[in-house]
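1. Got a predicted structure here, sequence first:
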Amino acid sequence: MRYIGSKERLLDFIYAFVKEKVEYEEEGTLTFADLFTGTASVSRFFRKKGYKIIANDLLTVCVTWAKAALASSNDITFNKLINSNQIKEQELTSLFQNNQDTVLKHLNALSGIEGFIFNEYSPEGKSKRMYFTGENASKIDAIRTQIENWKTNKLINESEEAILLASLLRATNKVANIAGTYGAFLKEWDKRAFNSIMLESIEVSQNDKLEHKVLQKDVQELAADIKADIVYLDPPYNFRQYGAYYHVLETIAVGDSPVVTGKTGLRPWQTQKSDFCYNDKAAKALNEVISRLNSKHIFLSYNTDGILKHEEIIKILSVKGETDYIDVSFQRYKSNGGGSGEIKVKERLYYVRNK
Ligand SMILES: C[S@@+](CC[C@H](N)C(=O)[O-])C[C@H]1O[C@@H](n2cnc3c(N)ncnc32)[C@H](O)[C@@H]1O
């Protein structure tokens, strides 16, 4: 998933530093709290390494990704749905098809509905906005409505719903007419937008018998209640508010029909504002979070181009104990349309051991 600040490419690097700082002295199953989980890439990775995960984010779209990433194969059978009369017999025939594939095939074959996404985010709808072709937008409406109906009729459980929504969100992102985020749509069609939206299966981890948790709270409120051996913080590092930059995905994840405004059809997102995105609030926000955390091991990812400067971060972390950090250089997040692709930006990973 393309997502600003995603750590997908830095997972091995983060893991190596965590191992260096933590694993040699801790035994048994450790709890890892990924409190700004975003795409849940870090949560998914550490779960596979055997950690018990607490994932948290302000956005429903991120909570959906986290639920899908932390779901257990035991919960994702789709048995109830398959055994209902919802899926036609001819859709059940393939020998090699698992239940998830069968359900996705059914969703992919639905006819479009001219619903909220069609009306607000396609030029064929009343808004004339160009996020999706009319055909793809009406398919998104049909698939979202079907998932909601199955949930209302208790034919799918929460984990199954998360898997289907995660698949829809991923497919949506692949046909969106945007330069990386939903902050704006492109004035001309990108050829990607003309591909037919297609849900693909989501990898489901085997049942690990650990009770992972997914939360949707502001970290500043949550920090004091977190009971985890390791806390990993990956806050926004610049002005880009995720609630505004991913508003269309958020609406699909929530499944509502909000009153949207402006050129881009922005949903109300004021309750999802992050203090970490403001020059005059970020230091106070980090300070509050760090001072409230009780965990022994605290890690923080931050970009060297970010609002908070290195010395400021070290000062805030030092209140807890001895600090350390390492750097990694990588290519800057780049929009589809531009960027040189050559600029190397340093991502820094900080560590502090709570006294
Ligand atoms: C840099 S991204 C995290 C990326 C993530 N590590 C990944 O690999 O995808 C920051 C995330 O923090 C969330 N966020 C921002 N402020 C928050 C807050 N105060 N409390 C909880 N989540 C917050 C945003 O919604 C966003 O998803």
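-> That came through fine. Residues are numbered from 1 along each chain as shown.

2. hang on, Tyr325 is in a helix, isn't it?
-> No - assigned with DSSP: H, G, I helix; E, B strand; the rest coil, Tyr325 falls outside any helix and is strand.

3. Next, the buried residues of the worst-scoring helix or strand of the chain on mean pLDDT.
-> When each helix and strand of the chain is scored by mean pLDDT, DSSP states H and E, strand 323-331 comes last, with a mean of 86. For strand 323-331, a neighbour-count test (16 or more other Cβ atoms under 10 Å) marks Thr323, Tyr325, Val328 as buried. C-beta: built from backbone N, CA, C; applies to glycine.

4. That one close to the ligand?
-> No - taking Cβ under 6 Å from any ligand atom as the criterion, strand 323-331 and the ligand are apart, separated by no less than 12.8 Å.

5. chain center to that strand: distance?
-> Here strand 323-331 is found 23 Å from its chain centre; the criterion is Cα atoms, centre = their mean, to the nearest Å.

6. separation between the spatially closest residue to Ser41 that is not a sequence neighbour and His106?
-> Once flanking residues are discounted, Ser41 sits nearest to Glu8: 4.6 Å by Cβ to Cβ, 6 or more residues apart in numbering. Separation of Glu8 from His106 (Cβ to Cβ, to the nearest Å): 30 Å.

7. Kindly report the same for Leu210.
-> 31 Å.

8. picking that back up, how about the residue nearest to Ser41, what does it touch?
-> Met1, Thr39, Ser41 (Cβ atoms under 8 Å, 6 or more residues apart in numbering).

9. now Thr145
-> Ile113, Gly115.

10. In what element of secondary structure is it found?
-> In the assignment (DSSP states H and E), Thr145 maps to helix 134-152.

11. After that helix, which helix or strand is next?
-> Heading C-terminal from helix 134-152 (DSSP H and E), you reach helix 158-175.

12. list the helices and strands whichever helix or strand comes after that following helix packs on?
-> Remark: after helix 158-175, the chain's next helix or strand is strand 213-215, criterion DSSP H and E. Counting contacts by 3 or more Cβ pairs under 8 Å, 6 or more residues apart in numbering; DSSP states H and E, strand 213-215 packs against strand 52-56, helix 60-70.

13. and for the next helix or strand after strand 213-215, what are the contacting residues?
-> Counting by DSSP H and E, the next helix or strand C-terminal to strand 213-215 is helix 219-222. Helix 219-222 has contacts (Cβ under 8 Å, 6+ apart) with Leu35, Phe36, Asn56, Leu215, Leu233, Pro235, Asp275, Ala285, Glu288, Val289, Arg292.

14. gap between the most centrally placed residue in the chain and Lys151?
-> Closest to where the C-alpha atoms of the chain average out (Cα atoms, centre = their mean) is Thr39, at 2.6 Å. Distance of Thr39 to Lys151, computed by Cβ to Cβ: 23 Å.

15. which bits of the stretch 201-350 of the chain sit near the ligand?
-> Asp218, Val219, Gln220, Asp234, Pro235, Pro236, Tyr242, Ser274, Phe276.

16. Which of those are buried, as a ChimeraX select command?
-> One line in ChimeraX is enough to select the buried members of these, burial here meaning 16+ other Cβ under 10 Å:
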select :218,219,220,234,235,236,242,274,276
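
17. so can I have CSV of the residues of the stretch 201-350 of the chain next to the ligand showing pLDDT?
-> Shown next, in CSV, are those (pLDDT from 0 to 100):
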residue, pLDDT
Asp218, 98
Val219, 98
Gln220, 97
Asp234, 98
Pro235, 98
Pro236, 98
Tyr242, 98
Ser274, 98
Phe276, 98
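
18. what would the residues of the stretch 201-350 of the chain next to the ligand look like in TSV with distance to Leu249?
-> Formatted as TSV, these follow (distance: Cβ to Cβ, whole Å):
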residue	distance to Leu249
Asp218	20
Val219	21
Gln220	24
Asp234	18
Pro235	19
Pro236	16
Tyr242	10
Ser274	16
Phe276	20
